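> Sharing a model prediction with you, sequence too.
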Amino acid sequence: MSDVITLNRNLFDHLANELQVGLMLLDSKQRLISWNQPLARYTGIAAVQAIGKTPKELLKRRAEQWVVNKLERKIVKSKLGKLWEEPNSVLLAEPWMKLGDVDLYHEISDGEGNEYSAALVYGINALINENQLLHEANSRLKQQARLDSFTGLLEKTTWLGQVEQELGLSHQQGGQSTLMIMDFNGFKQINDNHGHVAGDKALKFVADLLKQNIRQQDLACRWGGDEFTLLLPNTETEDAQQIFQRFAAAVEQQAVQALGFEVSLSVGLAPLSYQFRNPSDWINAADEGLYQAKAER
Ligand SMILES: Nc1nc2c(ncn2[C@@H]2O[C@H](COP(=O)(O)OP(=O)(O)OP(=O)(O)O)[C@@H](O)[C@H]2O)c(=O)[nH]1
């Protein structure tokens with residue numbers, strides 16, 4: 001089966017993300033140049049992790065050996081596309097990573113002389129039952145995660161890994177996740193007026209209160225200096241805003257008694273967007289909100 005269509009890449013990516021089926025697009029060297037949202041959601045592999053790799057390289061990380069062998073045998077057979085031509089070919093890696101039937105394979109031209117291969121992966125919505133498994137994997141990771149020794153919150157690298165995973169699972173079950181970045185107001189002044197030990201105590205006080213106030217699925221991180229970040233899965237930004245207001249109010253109410261001086265926080269919030277290619281995009285969006293909040297103070 002061979003179709004030739006002319007397409008614009010931005011439009012293609014946009015349409016691909018709207019599909020209910022997984023769609024991957026390979027260049028002439030069999031490297032992935034498009035990995036749509038249903039595939040990302042289904043496999044837990046973000047587009048940013050997939051792009052530039054061959055499907056074989058991508059699956060090798062997780063796949064059982066027989067899957068790798070199967071792929072290798074097929075790849076030797078001229079084009080990788082042959083693999084997808086097989087009706088009902090099902091690739092099984094981890095139990096939750098069952099790619100649905102791949103039964104449509106297209107040759108596509110971009111109108112500028114470049115040839116691509118596209119494979120449609122069917123059935124993935126019906127097979128999605130991995131949410132629970134992924135959350136279990138998340139909690140295992142949480143237990144093994146490295147913590148910031150001072151505050152006991154997740155340290156930056158571990159937390160960023162979780163954000164990357166959330167990007168891959170974006171919009172799971174139609175939900176919306178929010179990323180929050182919180183910053184002390186006038187922390188330098190706290191250090192200057194009360195000393196660094198008191199400043200440290202204030203950081204620890206806020207971190208402890210944060211730990212007590214977040215839900216099991218939320219992930220809090222000592223981002224650095226006087227900043228904390230929080231990933232709130234399946235949380236609308238309006239709800240996250242309320243969560244922050246309640247938390248900030250608790251901080252303000254309890255600080256004087258606990259520390260002997262006032263403490264207040266500012267926040268930047270960003271909902272998850274399909275446009276984010278990596279965790280930095282999401283953090284930058286939240287940072288922009290924080291910057292505005294500080295400017296309006
Ligand atoms: N005590 C203590 N201070 C820290 C730590 N990390 C960073 N700081 C201090 O935190 C201060 C942060 O200063 P700024 O970034 O200007 O923030 P700010 O004073 O809160 O100003 P705004 O954010 O604009 O309200 C700096 O003076 C740092 O030296 C730490 O672990 N302990």
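Thanks, I have the structure now. Since we're looking at a predicted model, the values are computed, not measured.
> Please make it C-alpha for all contacts and neighbour counts, starting now.
Fine.
> can you list the residues of the protein near the ligand?
184-189, 191, 196-197, 199-200, 225-226 (C-alpha under 6 Å from any ligand atom).
> repeat that for 5 Å
Counting by C-alpha under 5 Å from any ligand atom, the chain comes close to the ligand at 184-188, 196, 199-200, 225.
> beta partners for the closest residue in space to Glu227 that isn't next to it in sequence?
Take Glu227 and drop its neighbours on the chain: the residue closest to it by C-alpha to C-alpha, 6 or more residues apart in numbering is Asp183, 4.5 Å away. Judged by DSSP bridges, the bridge partners of Asp183 are Glu227, Ser266.
> Near Asp183, how many other residues are there?
Using other C-alpha atoms under 10 Å, Asp183 has 20 neighbouring residues.
> so how far is Phe276 from it?
23 Å (C-alpha to C-alpha, to the nearest Å).
> now do Phe244
Using C-alpha to C-alpha, Phe244 is found at 23 Å from Phe276.
> Could you do Leu153 as well?
25 Å.
> which one of the two has more residues nearby?
Leu153 (24 against 17).
> Buried subset of the residues of the chain next to the ligand as a PyMOL selection?
Selection command for PyMOL covering only the buried members of those, criterion 16 or more other C-alpha atoms under 10 Å:
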select buried, resi 184+185+187+199+200
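> Which ones among the residues of the chain next to the ligand map onto strands?
Among these, DSSP state E puts Phe184 in strands.
> now Leu25, what's its secondary structure?
Of the three states, Leu25 takes strand under DSSP: H, G, I helix; E, B strand; the rest coil.
> whoops, Lys294 was the one
helix.
> I figured it hits Ser266, correct?
Yes - applying C-alpha atoms under 8 Å, one finds Lys294 in contact with Ser266, separated by 6.8 Å.
> For stretch 214-232, give the mean pLDDT please.
In this model, stretch 214-232 has a mean pLDDT of 92.
> what's the first-to-last distance across stretch 165-177?
OK, stretch 165-177 end separation, C-alpha to C-alpha: 12 Å.
> Next one, pLDDT for Leu25 please.
73.
> the strands in the chain, which residues?
Going by DSSP E, the chain shows strands at 22-26, 32-35, 91-92, 98-99, 102-109, 115-121, 178-184, 219-224, 227-232, 265-271.
> List the contacts of stretch 200-209.
With C-alpha atoms under 8 Å, 6 or more residues apart in numbering as the test, stretch 200-209 has contacts from 150-153, 226, 251, 255, 258-259, 263.
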